[in-house]
Each structure stands twice: as structure tokens, then as C-alpha cells.
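1. here is my input; please provide its structure:
(one chain, ligands or ions: 1)
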Amino acid sequence: MSYVLAVIVVILSLVYAFYRFLNVTSGSDFADNSIDAFIIPDAGDSKLKKNVSNSETKYKADYTEEGRQILILYGTEYGCSEDIAKLLFDKIKTLNEHIELPPFQPRLINARDYKVIDFTREQVVFIVISTSGDGVPPTDSRPFFEFLHTNDIRINHVRYSVLALGDSNYPQYCKTGRMIDNRLQQLEGECIIPRHDVDMEDWSVINAWIHSIMIYLPSATLQTALDYIHHHDIIEETYSRTKPFMATLKDKYLLTIMETDVDKETIHCEFDISDSDLTWMSGDALGIYPHNNPDDVKLLLESMKCSGTETTNKLGWAYQLSEDKQHDDVYTLYDVLLKWYDLKVVKYELMELIASNITGRNELEYVYKLIKHGDSKSNCVLQTYIKKHEIVDVLNDFKSHTLPWQQILSCMRYLQPRYYSISSSPRKDNSTASVTAAVLRYVINDRQGTGVTTTYLYDRLCIGDKCPVFMSRNPDFRLPIDHTLPIILIGPGTGIAPFMAFIQEREMMKSSGPIWLYFGCRHKEKDYIYRKQLEQWSNNNVIRLSVAFSRDQEKKQYVQDKLYEDRIDIWKLIDNGNASVFVCGDAKHMAREVHTTLTYIVSDEGHMNEDAAVEYLNQMEKSARYQKDVWVV
Ligand SMILES: Cc1cc2nc3c(=O)[nH]c(=O)nc-3n(C[C@H](O)[C@H](O)[C@H](O)COP(=O)(O)O)c2cc1C
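-> Numbering: from 1, shown residues only. Coordinates of the predicted model:
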């Protein structure tokens, strides 16, 4: 029996080794190809230390020697396209290690800074761009998109390829990348690698695209030239996603009453941004970089077989603090995990790394079962596993691992900022930005899980503490310029956050435009957040207020029921009053229900068939956002 098992293990190991060989030779093994780029050096190694400091500036290098230039242009809302563009940059640089010809000179440019580009001087352009909002380009890439579509720029000598990032749950899937690709074709650019559409950061697609570029470049004919792009020509914002401002938490309090475990825990936080030049408009969001839960860090350290006192100098990338001048400081592993790494998201590379390291038969069989169909989104076994496991769970599932912590880190994601609609208007107080957040606590694999940012804000960040923040623009979510026009705001739960800012704004402007607010929660006495303020506004005729309590009576009531009750008046306000409708909330089904109800109202009251009603709403709801204001912890 044991002989048979031993044979099975050997066969599995061989199959896996062969599988890895196939992947490495086909270049789709992201882990193997990327580890070097991300490995965190040990503090004592000065050569590596130098590399780390360089990595802060390497993407902004001005080239003073001739090279074979390649433009990498990215447009991003949340940073993913930028990370991919940087990875491509690093990969192209590695080609120089194997060639004697003039080096490749990749240049990395944010589409926001497109004006520094002279397309007549470019030869090869790789574009990585996401789609945002309701199928629109990332906010600060919009001028570039506009420029490209309104100017007949001469690019018939340019070779290009586009990587389009998106999410197939949205109707306008990868629209920005698709439109840019079409436009470049129209302008007679030569597409050298067909566009790849990336559904929800599907790394198998991203790797395939990068791999095609790596195959293409060595044999490509490229003239050498001296670079004309100078980074000092690019004006940077003082504070941004990559360079956040350290805001002071001025105040925080619970908005709900907690009597049982299932009761909602919603908080209000105020950040002092007075020493920054940060500005915002009602409808914008605040990006917040959290710290992880120290208990989670300790559990992870155990599963990594580390004490946490291991040291390293800073990461290849972390958000930069303007007052933080000590980039070469030594950090403990505990600190690094607390502040810069995502402890939850399991990357495929980690699974591969584990598979290459463990020896236990059962564990080997298990991991092979998970990864044998690769890292594609269609590998349901792996996807289901990843959804239900955080990194600590994975390491505990494969306890026989002997992985050095540096390698584990190299397969982890950086901690991403979380975005919250700002619930205060700058017209009222432009030095204080408020956010409203539902604290997330859940059970995963028999232990307590917590939402990183919401518990950071409520449990760990104290009043007076500082925390890195930045502004995230939301230009499609704005009050009508004409303040006399009516607005209908539908915002149950924390969906009310941006509407608090809208109402404050109109109140400050003493605007005459009617405001109808539809708010919903479970119980009048427990989670009717901002009740006092809302009722005061209602009593003072600033708003017309309608509240649905879903669990205070036998028959559940939701905002859509309230909309339906008011259907005749709503139709009049929309049709005769030219009202704008805004929807915001954190539940997908709510947005769907509201949309269905609005369609019904328009078709019934406006005497249209359903298709016409949907079309009418599409036209009318230009500024409405469904499910877009969901800033998941
Ligand atoms: C608010 C919001 C709106 C989005 N709208 C779309 C969309 O209309 N079409 C689409 O394909 N993807 C959409 N996405 C998905 C993003 O394109 C995807 O998450 C992408 O990986 C983000 O890349 P970035 O971090 O470079 O911006 C949306 C994502 C968010 C958060």
C-alpha cells in the first residue's frame, strides 16, 4: 500500500514539475518571472539596498544616452493599470541583461501627462488602461482620451498594443481600452499584438500579453534615439494616491445602536486636512490607507514560521509620505506586514510557490488539485478556494512549507487604499472631510475576520492620530450646475454618505431646488443614521424626507416601495421639473430593484413601453450611479 502511495506521490511530483516547465517556458508563470522584481532585500545587503532606493525613482528616469525607446502609457483609477505598466517596464529592462545592442529604454507615462508625448517621435507604444464609472476612462485620463479622439494625430509609423482592464459585470466591459484600440487603428497605427481584455485582474491574461511583448521585442526593428521626455516637465499633484497626506482624525463616533451581534455598526469619521492643499467637490471620495489588524499580523507571522523581529529595509513600492525622508530605514517584518501588505488576497503565485516547496504527500495532492488548471478565472476549484481563504489559512493548510518569508512576501499584494464617499460639503467646512462607513466583522474558517479599513478607523485609529489620505475625483457624480433644479436622492444605509454632502452644499447655497431624499435602514431606533440632522432638514423644508424601515413591521419595506408609493409625484418631478435622480448604496440588489421601480414608474406614468422607459432613464440618469459608490472594505 505504502509503495503504491509513494509511486503516486512521485508521479504527482513529476506531473507538477512538467507542468511548471511548460508554464515557465511559455512565460506564463508570473511567480517565477516576477520574484526578482519584488523580493525585499535583507537590511544588511547594501547592493540590494541601493536597488530598493533606486526603485523609488527608476520609473522617472531621464535618459541621457541613446536607446531603443518604448513608450508605456497607462491610465488608472485605482492603481492596477499602473502596477501592470511598471511590471512591463521592469520586464523590458531585464531584456537588456541579455543583449549587446543599444539598450531598450522603456519610458513610463501616466496618460494624465500625455502632453509631454510627441507621437511623431514614438515607434512602439504599449497602452494599459482601465474603464471606470459607467464605461468611461479613468478620471485623469479623460483629457488624453478626448485628445486622441478629436485630433487626427499622425501615428501611421507607430506600432502599438493595448491592454484593456475592466470587469465583465459592467455593461460597458473594457470600453475605454476597446475605444482606444479602435481609434489607433483608425489613425492607421500598426497593432502588433491584439488587444487583450482583462476581466477583474485576471493575471493569466495580463501575463499572456506581457509574454507576447517579450517575444516580440528582441526581434523588432527599432531605431535608437535620445529621449525627449523629461520628468521635470511633468507637474505632480502635491498629494495623490501614491503620495498621500497624513490627515489627523479629528472626531469619530458610532451612528447606530448595537444591541445584538447582527445589528449594524456604522461610524462617522472626520479628518482634518487643513494643512494640505487638498480640495474636493461634493460627490468625491476619500482614499484611505489603513493598517492591518495586529491580531491578523500575529497569526500570519505564526503561519510564516517567523517572529516578526526579522528586519528589512523598506519595500520596492509603498505609498510615499512627503515627510517620510527615511526610505532606507530598517523595518521589522511585523511592521511591514502591518502597514504595507494585503493579508487577505491570495495570489496564484503563492499557490505555485507553495507547490514548489512542500513535500507532504497529502498537501502536494491537494495543492496540485487546486492549481492543475492554472490561474485562469475559469479554474473554479482554485477560485472557490481563494475566495474562502486568506493567506494565513493557505499557509496553515500547507503546514509542511519551509518557505523563507522574503519569498512569501514576494507573492503577496500591496495593501490597497479603500475609498469612501465624502459625507460633508467643502462649502460648509473645507478643512474637514467626513466619511461614513459600515464596520465589517465576519467569521472565516472558524476565526473572527474583520474589514481592514473600517475596523482600523473604529477600533484602532484614535482621535488625534494621523492617517494617509488622498482625494479620488468622481466627475460624473455631481449636483446639477443649475441649483434651482430638483434632485431625487436614493441612498439607503451608508449610501446616504455623498447625499449628506449634496444636501449640506445646497443648504449653504440657500438653493431653491427641491431635494427629495429616500433613505432606508432596518430599524428606526437602531440604524437610522444621521436621524437628527435629517429630521431637522425635513422640518426646515430643506428636504422632503421619506424613510423605509425594513424590519420594524411584519411586511418589509424598502426604498423602492417608497418610490412606488410616490410614483405620480416622482414622474411629475422628473418629467415636468427636469429632476436628476441619484442612487447610491452598498447592495447590488438594491440598485437593481430601484432601477426596476424607476423603469416601471416611467413606463406606466409616462405611457411608454418598457424599452422606451429604459432608454428614457438612460438619458435622464446621466449623473446617477448604480453600484458605483460601493467602496468595499
Ligand atoms: C466604480 C467603478 C466603475 C467601473 N466601471 C467599469 C465599467 O464600466 N466597465 C468595465 O469594464 N470595468 C469597470 N470597472 C472595473 C475596473 O475597470 C477594474 O476594476 C480595473 O481593474 C481597475 O483598474 P485600475 O485600478 O487601473 O483603475 C469599474 C470599477 C469601479 C470600482
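
2. any idea how many residues pack against the closest residue to the ligand within the chain?
-> Residue of the chain nearest the ligand, by CB to the nearest ligand atom: Gly166 (2.4 Å). Every residue, glycine included, has its C-beta placed from N, CA and C. Look at Gly166: counted by other CB atoms under 10 Å, it has 22 neighbours.

3. leaving aside the residues adjacent along the chain, what's closest to it?
-> Leaving out its chain neighbours, the residue that sits closest to Gly166 by CB to CB, 6 or more residues apart in numbering is Cys174, at 3.6 Å.

4. can you give me the strands for the stretch 401-550 of the chain?
-> Remark: strands assigned in the stretch 401-550 of the chain by DSSP state E, counting those that start in this stretch are 418-421, 432-438, 441-444, 447-450, 466-472, 487-490, 515-521, 544-549.

5. centre of the chain to the fourth one, how far?
-> When you say that, I think you mean strand 447-450. Computed by CA atoms, centre = their mean, to the nearest Å, the separation of strand 447-450 from the middle of its chain amounts to 23 Å.

6. same question for the third one.
-> Averaging C-alpha positions (CA atoms, centre = their mean) puts strand 441-444 22 Å from its chain's average.

7. could you give the mean pLDDT of it?
-> For strand 441-444, mean pLDDT rounds to 90.

8. who does it pair up with?
-> With DSSP bridges as the test, strand 441-444 is paired with strand 447-450 (antiparallel).

9. how about stretch 208-221: buried residues?
-> Neighbour-count burial for stretch 208-221 flags Ala208, Trp209, Ile210, His211, Ser212, Ile213, Met214, Leu217 (criterion: 16 or more other CB atoms under 10 Å).

10. how about the fourth one, secondary structure?
-> It stands for His211. helix (DSSP: H, G, I helix; E, B strand; the rest coil).

11. about what we covered before: what is the nearest of the buried residues of stretch 208-221 to Ala111?
-> Taking CB to CB as the measure, Ala111 lies nearest Trp209 of those, at 17.7 Å.

12. excluding residues flanking it in the chain, which one is nearest that closest one?
-> Nearest non-adjacent residue to Trp209 (CB to CB, 6+ apart): His196, at 4.1 Å.

13. where's the one you found relative to Asp272, distance?
-> As for His196, its distance to Asp272 is 44 Å (criterion: CB to CB, to the nearest Å).

14. over to Tyr420?
-> 16 Å.

15. quick one, which of those two is more surrounded?
-> Neighbour count, other CB under 10 Å: between Tyr420 and Asp272, Tyr420 has more, with 27 against 17.

16. need the contact list for that one.
-> Ala285, Leu286, Ile288, Val435, Thr436, Ala437, Ala497, Trp631 (CB atoms under 8 Å, 6 or more residues apart in numbering).

17. could you do Lys298 as well?
-> Gly308.

18. average model confidence for the helix or strand harbouring Ile206?
-> According to DSSP states H and E, Ile206 maps onto helix 203-216. Mean pLDDT, helix 203-216: 96.

19. which helices and strands does the very next helix or strand once past it pack with?
-> Helices and strands here follow DSSP H and E; after helix 203-216, the next one along the chain is strand 224-225. Packed against strand 224-225 by the contact rule (3 or more CB pairs under 8 Å, 6 or more residues apart in numbering; DSSP states H and E) you find strand 67-75.

20. so for the strand it packs on, mean pLDDT?
-> Mean predicted lDDT for strand 67-75 stands at 97.

21. sheet partners, orientation included, of it?
-> In the sheet, strand 67-75 lines up with strand 104-110 (parallel), strand 124-130 (parallel), strand 224-225 (antiparallel) (DSSP bridges).

22. now the element after it, going C-ward?
-> As assigned by DSSP H and E, the chain's next helix or strand after strand 67-75 is helix 80-95.

23. remind me what that following helix packs against, helices and strands.
-> Judged by 3+ CB pairs under 8 Å, 6+ apart, helix 80-95 is in contact with helix 30-38, strand 67-75, strand 104-110, strand 124-130, strand 159-166, helix 203-216.

24. closest to Cys584 among the buried residues of stretch 208-221?
-> Trp209 (34.5 Å).

25. what residues are up against that closest one?
-> Residues near Trp209 by CB under 8 Å, 6+ apart: Ser161, Leu163, Ile193, His196.

26. can I assume the last one is in contact with Ser204?
-> No. Under the criterion of CB atoms under 8 Å, His196 is not in contact with Ser204, lying 10.2 Å apart.

27. more neighbours: which of the two?
-> Between His196 and Ser204, His196 has the larger neighbour count (other CB under 10 Å), namely 21 against 16.

28. hey, which of the strands paired with strand 67-75 is tucked in deepest?
-> strand 124-130 (a mean of 26; mean count of other CB atoms under 10 Å).

29. buried ones in the helix or strand just after that one?
-> Going down the chain from strand 124-130, the next helix or strand is helix 142-150, by DSSP H and E. Residues Arg142, Phe144, Phe145, Leu148 are the ones in helix 142-150 that count as buried (16+ other CB under 10 Å).

30. once you drop chain neighbours, what's closest to Tyr160?
-> Using CB to CB, 6+ apart, the closest residue to Tyr160 is Val125 (4.5 Å).

31. which one of the contacts of Tyr420 is nearest Gln186?
-> Distance to Gln186, by CB to CB, is smallest for Ala285 among these, at 34.4 Å.

32. what number of residues lie near the closest one?
-> Counted with other CB under 10 Å, the neighbours of Ala285 add up to 23.
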